[in-house]
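Engineer: no sequence for this one, just the structure:
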């Protein structure tokens, strides 16, 4: 049976080789399949038909293995109870088990909470109740708040001691990369006014 030339998905060069997994995408070389894999993997559905023709099997290009999930690192703000000022730290985020569903990566913040207990809240409003374009994700220790842990001096400092209720225990703040909250971007000092407004209003 004569081989049919198809355009390579990546460079349009005529080829008779295709992806071994879905058998519906054509590539002129294994390197071009590897290059296109980040895009092609989203549409690469394994075929149910097995091809028996040896000539066709010879033309299959082995599909790359699924890529290992990549951890991302972003800048976050740490309000440490014993420090006078908040500081910028790096936080690694573990990929979600279902990234295709748009679930956000999971920040690994446990190391900043000695009691191992964390809860989180999302700030969607900043100063004067204006909506935040990039919502802020606050992680804190609920047991520190209820057990009367030492006053958080960094929060006391940015609120000039005027907060209605003292905040205790550590706080880590990450910034979402948009209102859909599907990932994080770097938080920084420009996020402090919105955080100060929140701590001042907290009761």
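Structural biologist: Received it, and whenever you're ready, just let me know what you need. Model, not experiment: these values are computed from the prediction. Residues are numbered from 1 along each chain as shown.
Engineer: in this structure, which spans are helices?
Structural biologist: 30-40, 54-57, 142-146, 153-158, 192-201 (DSSP state H).
Engineer: which one of those helices lies closest to residue 183?
Structural biologist: Residue 183 sits nearest to helix 30-40 of all those, at 16.3 Å, using CB to CB. C-betas here are computed from N, CA, C, even on glycine.
Engineer: model confidence over that closest one, on average?
Structural biologist: Mean pLDDT, computed over helix 30-40, is 87.
Engineer: would CSV of the helices of the chain with distance to residue 166 and mean neighbour count be doable?
Structural biologist: Below are the helices of the chain laid out as CSV (distance: least, CB to CB, whole Å; neighbours: other CB atoms under 10 Å):
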stretch, distance to residue 166, mean neighbour count
helix 30-40, 48, 16
helix 54-57, 71, 11
helix 142-146, 9, 15
helix 153-158, 7, 19
helix 192-201, 10, 18
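Engineer: Tabulate those in JSON lines, adding columns for distance to residue 120.
Structural biologist: Shown next, in JSON lines, are the helices of the chain (distance: least, CB to CB, whole Å):
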{"stretch": "helix 30-40", "distance to residue 120": "30"}
{"stretch": "helix 54-57", "distance to residue 120": "52"}
{"stretch": "helix 142-146", "distance to residue 120": "10"}
{"stretch": "helix 153-158", "distance to residue 120": "16"}
{"stretch": "helix 192-201", "distance to residue 120": "13"}
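Engineer: Quick one: closest of these to residue 23.
Structural biologist: Of those, nearest to residue 23 by CB to CB is helix 54-57, at 8.7 Å.
Engineer: Which residue ranges make up the domains of this protein?
Structural biologist: With domains defined by automatic domain parsing, the chain comprises 6-61, 72-201.
Engineer: max-length strand in the protein?
Structural biologist: Counting by DSSP state E, the longest strand found in the chain is strand 131-140.
Engineer: Show me what it is packed against.
Structural biologist: strand 119-125, strand 171-176, helix 192-201 (3 or more CB pairs under 8 Å, 6 or more residues apart in numbering; DSSP states H and E).
Engineer: Can you list the strands that that strand pairs with?
Structural biologist: Take DSSP bridges as the rule and strand 131-140 pairs in its sheet with strand 119-125 (antiparallel), strand 171-176 (antiparallel).
Engineer: Name the helix or strand of this protein that has the lowest mean pLDDT.
Structural biologist: Lowest on mean pLDDT, DSSP states H and E among the helices and strands of the chain sits helix 54-57, with a mean of 46.
Engineer: Number of residues surrounding the closest residue to residue 181 other than its chain neighbours?
Structural biologist: Spatial nearest neighbour of residue 181, excluding adjacent residues (CB to CB, 6 or more residues apart in numbering): residue 104 at 5.7 Å. By the criterion of other CB atoms under 10 Å, residue 104 has 18 neighbours.
Engineer: mind listing what residue 104 touches?
Structural biologist: Counting by CB atoms under 8 Å, 6 or more residues apart in numbering, residue 104 makes contact with 96, 176, 181, 182, 183, 184.
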